[in-house]
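**Q** This is a predicted model, with the sequence first.
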Amino acid sequence: MFEEVVPAIASALSAQGSELLVAGSRSAFKSLCEIIRARFGHGTPEADSLTAALENPGDAERIEAFARYLTRVMVEDPGFARQALAAWHGATASGSAEGSAVVNNFSGQAEQVVQARTIRGGIKF
């Protein structure tokens, strides 16, 4: 059920690494990390796996171990799973652009979607 999204969550959090370990960090990923940390508790194997993944962003074994714990807890606790997935979707949908960059987010179903930034002249559909 969570086989596709949990590895992405584990990899993304691990890639954020030290930023998520810093108390002052404010980001959607920090919020997701805090939700997971609160559920895992302190001094548990689950919490240790999260810390290990954050402290070793390139270590696939530690990321996979964290993903296994996260999957297990999500299966056992559907309320936590909903909360974590909502935070994940919020984190991945909250892209930001700097300068002249553009971030496009689309969620839902549609037969046709058009996203554009600057259009000069007319458009015919």
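**A** Thanks, I have it.

**Q** Look at residue 112 and say how many residues are nearby.
**A** Residues lying near residue 112 (other C-beta atoms under 10 Å) number 5. Backbone N, C-alpha and C define where each C-beta goes, glycine included.

**Q** what about it, which helix or strand?
**A** Secondary structure assignment for residue 112, by DSSP states H and E: no helix or strand.

**Q** Run through the residues that contact the residue nearest to residue 57 when sequence neighbours are not counted.
**A** Leaving aside its chain neighbours, residue 57 sits nearest to residue 17 (4.2 Å; criterion: C-beta to C-beta, 6 or more residues apart in numbering). By C-beta atoms under 8 Å, 6 or more residues apart in numbering, residue 17 lies in contact with 54-55, 57.

**Q** now, which of the residues you listed lie within strands?
**A** If you go by DSSP state E, those have nothing in strands.

**Q** Mind pulling up the pLDDT for the residue nearest to residue 57?
**A** Looking at residue 17, its pLDDT stands at 72.

**Q** got it, and residue 55?
**A** 91.

**Q** and it, how many residues sit next to it?
**A** 13.

**Q** Could you pull out the helices in this structure for me?
**A** Secondary structure of the chain (DSSP state H): helices at 5-16, 18-21, 28-40, 45-55, 60-76, 78-93.

**Q** possible to save those as a markdown table with distance to residue 114?
**A** Shown next, in a markdown table, are the helices of the chain (distance: least, C-beta to C-beta, whole Å):
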| stretch | distance to residue 114 |
| --- | --- |
| helix 5-16 | 27 |
| helix 18-21 | 35 |
| helix 28-40 | 26 |
| helix 45-55 | 39 |
| helix 60-76 | 35 |
| helix 78-93 | 19 |
